[in-house]
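Asker: Could you look at this predicted model? Sequence included:
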2 protein chains.
Amino acid sequence: MGRRDISEIRRAEYAAAAYRALMRYGNQATSLARVAEEAGASKANVLHYFKNKEALLAAALRHANAELLREAVLLLGEAQTPLERIYAVIETNLSPTSFRPQVAHAWIALCAGVPYVPAYQRIQTVIYARMRSNLMGPLRHLLPAAEAALMSDLMTTAIDGIWLRCGLSLNGVTQQEARAQLEAVLDARLPESAERRAARARMHEVARILIKARNG
Amino acid sequence: MGRRDISEIRRAEYAAAAYRALMRYGNQATSLARVAEEAGASKANVLHYFKNKEALLAAALRHANAELLREAVLLLGEAQTPLERIYAVIETNLSPTSFRPQVAHAWIALCAGVPYVPAYQRIQTVIYARMRSNLMGPLRHLLPAAEAALMSDLMTTAIDGIWLRCGLSLNGVTQQEARAQLEAVLDARLPESAERRAARARMHEVARILIKARNG
DNA sequence: AAGTTAATAAACCAATCGGTCAATCTATAA
DNA sequence: TTATAGATTGACCGATTGGTTTATTAACTT
């Protein structure tokens, strides 16, 4: 175990601790002291590996995003048709890994900081670019360019709105309600068909299997 | 000018100042000192009228919500058909009063605090209840109950997502893009028709007139 | 005019914030 | 074994936070 390894290990540890704190206590209450406590380390050592709080929280959000990305890659890897790729995106965003109030809290905190913290802005830009790429790819095969762009934007918007509501969790958006809403979005330009039914069923099944495998 | 009046005047002044601070500097940077400076008063006097910061910011958000509500009432008052009432909601949320990054910032700050600040939660609950009422009313006339509820939820979700994007304003959601997305949402269950075209045109015109009157 | 009440603000407070520093400890390299 | 570089930390710092206290001013009541 070289000294170089420790650096990376600590950075990952502290980023994960910061993410946990962000989920549990919210942005306001996530101080360096609390993150250090969460990680079982000293505040000074956290700052030994991150030049400041902003860098730490940015790493925390990238850490969380990487988790989500891993799930997306798995699902997209199983998709074989454009419609299946669209449902892969939907299933990813509804998977229990991400569709949880606590996770949503962390992302809302990110959104709140975007206008004032350049590092957050960069993360958000990357996330949106990937979302757009994941959706535009399959949509281009199914719709004219303008309509594909519209549907990509609308699905992104709807997913954002669903996450927001999930984070507030006032009346607690059910996964089923969220799914129904996203299906309705699809209805606007990709009317129900045998292909769509098949794609939905298959990716739902793939998601179920992957989740079970991860938990088991 | 009785002493009772001054109390209400100051409360309104300070709430408005807090809302301005929330829009300009974000939640993080909105301190009592800054709000007092924004209001041209002393911090102590702000706390003389609000028992603490939480109450002040809650009043600020209610103040902002009241502004939005006034606009909604005006538009809904002109709507004469169910479809027009739906478009009244859409136009309200796209009006330049509310559809601005700064305004969205303030609301995102609210959302970020909802899980931790009970007062914010109450405000959010009221807002959602009114939105649902405004949408379910007309939708019930146009769709079966279950479909009406679905569309109400979906429109709320989409509006939330649009506001969120507006607040981030990375690629800057245009009012036109937002309108196109909401039209696509309607397409899912209320296909384009002569009635819908008429309702859209009329409420768009009503909104234009009201905005012009307010600015002029 | 006198007395009471509310409006206002300066000064102050303890707590906490993000961040620095100097000093230890530890483990590898020589 | 000793030297050295990195890991780790307690103590500390100035700034800022939300909130209180105390004193002064202004205004209504009688």
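Answerer: That came through fine. What you see is a predicted model; the values in this text were computed from it and never measured.

Asker: SS state for the nearest residue to A:Ala29 once chain neighbours are set aside?
Answerer: With sequence-adjacent residues excluded and distances taken as C-beta to C-beta, 6 or more residues apart in numbering or on different chains, A:Ala29 is closest to B:Tyr116, at 7.2 Å. The way it works is simple: take the backbone N, C-alpha and C, and place the C-beta from them, glycine included. Using DSSP: H, G, I helix; E, B strand; the rest coil, the three-state assignment for B:Tyr116 comes out as coil.

Asker: mind listing the helices for chain A?
Answerer: A:3-25, A:32-39, A:43-49, A:53-78, A:82-94, A:101-113, A:118-140, A:145-168, A:175-187, A:194-215 (DSSP state H).

Asker: want to throw these into TSV with distance to chain B, mean pLDDT and mean neighbour count?
Answerer: TSV is the format used below for the helices of chain A (distance: least, C-beta to the nearest C-beta, whole Å; pLDDT from 0 to 100; neighbours: other C-beta atoms under 10 Å in any protein chain shown):
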stretch	distance to chain B	mean pLDDT	mean neighbour count
helix A:3-25	8	92	17
helix A:32-39	14	98	19
helix A:43-49	19	98	16
helix A:53-78	11	96	18
helix A:82-94	12	98	24
helix A:101-113	4	93	23
helix A:118-140	6	97	17
helix A:145-168	3	97	22
helix A:175-187	4	97	19
helix A:194-215	14	96	15
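
Asker: Tabulate the ones you listed (CSV), appending distance to B:Glu147.
Answerer: Converted to CSV, the helices of chain A look like this (distance: least, C-beta to C-beta, whole Å):
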stretch, distance to B:Glu147
helix A:3-25, 35
helix A:32-39, 46
helix A:43-49, 52
helix A:53-78, 29
helix A:82-94, 20
helix A:101-113, 27
helix A:118-140, 25
helix A:145-168, 17
helix A:175-187, 9
helix A:194-215, 19
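
Asker: between the ones you listed, which one is nearest to DNA strand D?
Answerer: Taking C-beta to the nearest atom of the strand, helix A:43-49 is the member of the helices of chain A nearest to DNA strand D, at 2.9 Å.

Asker: contact partners of the closest one?
Answerer: With C-beta atoms under 8 Å, 6 or more residues apart in numbering or on different chains as the test, helix A:43-49 has contacts from A:Ser7, A:Arg10, A:Arg11, A:Tyr14, A:Leu32, A:Ala33, A:Val35, A:Ala36, A:Ala39, A:Leu56.

Asker: Please give the centre-to-centre distance between that helix and its chain.
Answerer: Here the centre of helix A:43-49 is set off from its chain's centre by 27 Å, with C-alpha atoms, centre = their mean, to the nearest Å.

Asker: May I have it exported as CSV, CA atoms only?
Answerer: Extracted C-alpha coordinates of helix A:43-49, given in CSV (Å, rounded to 0.1, in the frame of the first residue of the first chain):
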residue,chain,number,x,y,z
LYS,A,43,-11.3,18.5,9.7
ALA,A,44,-7.7,19.4,9.1
ASN,A,45,-7.1,16.1,7.3
VAL,A,46,-10.1,16.6,5.1
LEU,A,47,-8.7,19.9,4.0
HIS,A,48,-5.3,18.2,3.5
TYR,A,49,-6.9,16.3,0.6
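
Asker: which bits of chain A sit near DNA strand C?
Answerer: A:1-3, A:29-34, A:43-44, A:47, A:51-54 (C-beta under 7 Å from any atom of the strand).

Asker: Quick check: the farthest pair among these?
Answerer: Farthest-apart pair in the residues of chain A next to DNA strand C is A:Gly2 and A:Ala29; separation 36.1 Å (C-beta to C-beta).

Asker: Look at those two and report which has more neighbours.
Answerer: A:Ala29 (11 against 6; other C-beta atoms under 10 Å in any protein chain shown).

Asker: Look at that one and report its pLDDT.
Answerer: We have a pLDDT of 95 for A:Ala29.

Asker: Okay, it and B:Pro115: tell me how far apart.
Answerer: 11 Å (C-beta to C-beta, to the nearest Å).

Asker: Same question for A:Ala59.
Answerer: To B:Pro115, A:Ala59 is 23 Å away according to C-beta to C-beta.

Asker: now swap in A:Leu61 and tell me
Answerer: 18 Å.

Asker: Check A:Leu75 too.
Answerer: For A:Leu75, the distance to B:Pro115 - C-beta to C-beta - is 28 Å.

Asker: A:Gln121 too?
Answerer: Relative to B:Pro115, and taking C-beta to C-beta, A:Gln121 is found at 23 Å.

Asker: cool, A:Ala66 as well?
Answerer: For A:Ala66 relative to B:Pro115 (C-beta to C-beta), the value is 24 Å.

Asker: try A:Pro191
Answerer: 38 Å.

Asker: Which one's more surrounded, these two?
Answerer: Taking other C-beta under 10 Å, A:Pro191 and B:Pro115 do not tie; B:Pro115 has more neighbours (20 against 9).

Asker: per-residue confidence at that one?
Answerer: 93.

Asker: mind listing what the closest residue to it other than its chain neighbours touches?
Answerer: Sequence neighbours aside, A:His105 is the residue nearest to B:Pro115 in space, at 5.9 Å (criterion: C-beta to C-beta, 6+ apart). Going by C-beta under 8 Å, 6+ apart, A:His105 touches A:Leu22, A:Met23, A:Gly26, A:Gly167, B:Ala112, B:Pro115.

Asker: do A:Arg62 as well
Answerer: With C-beta under 8 Å, 6+ apart, A:Arg62 has these contacts: A:Ala15, A:Ile123.

Asker: Apply 7 Å and report the result again.
Answerer: A:Ile123 (C-beta atoms under 7 Å, 6 or more residues apart in numbering or on different chains).

Asker: ok, now how distant is it from B:His204?
Answerer: 42 Å.

Asker: Nearest residue to the middle of chain A?
Answerer: A:Leu68 (4.8 Å; C-alpha atoms, centre = their mean).

Asker: Go ahead and confirm that residue touches A:Ser98.
Answerer: Yes - counting by C-beta atoms under 7 Å, A:Ser98 is a contact partner of A:Leu68 at 5.4 Å.

Asker: Which residues are in contact with A:Glu195?
Answerer: Contacts of A:Glu195 by C-beta under 7 Å, 6+ apart are A:Leu83.

Asker: if you set the cut-off to 8 Å instead, what comes out?
Answerer: A:Glu195 touches A:Thr81, A:Leu83, counting by C-beta under 8 Å, 6+ apart.

Asker: With A:Asp153 instead?
Answerer: B:Glu177, B:Gln181.

Asker: related to what we said a few turns ago, overlap in contacts of A:Leu68 and A:Ser98?
Answerer: Contacts common to A:Leu68 and A:Ser98, judged by C-beta under 8 Å, 6+ apart, are A:Thr92.
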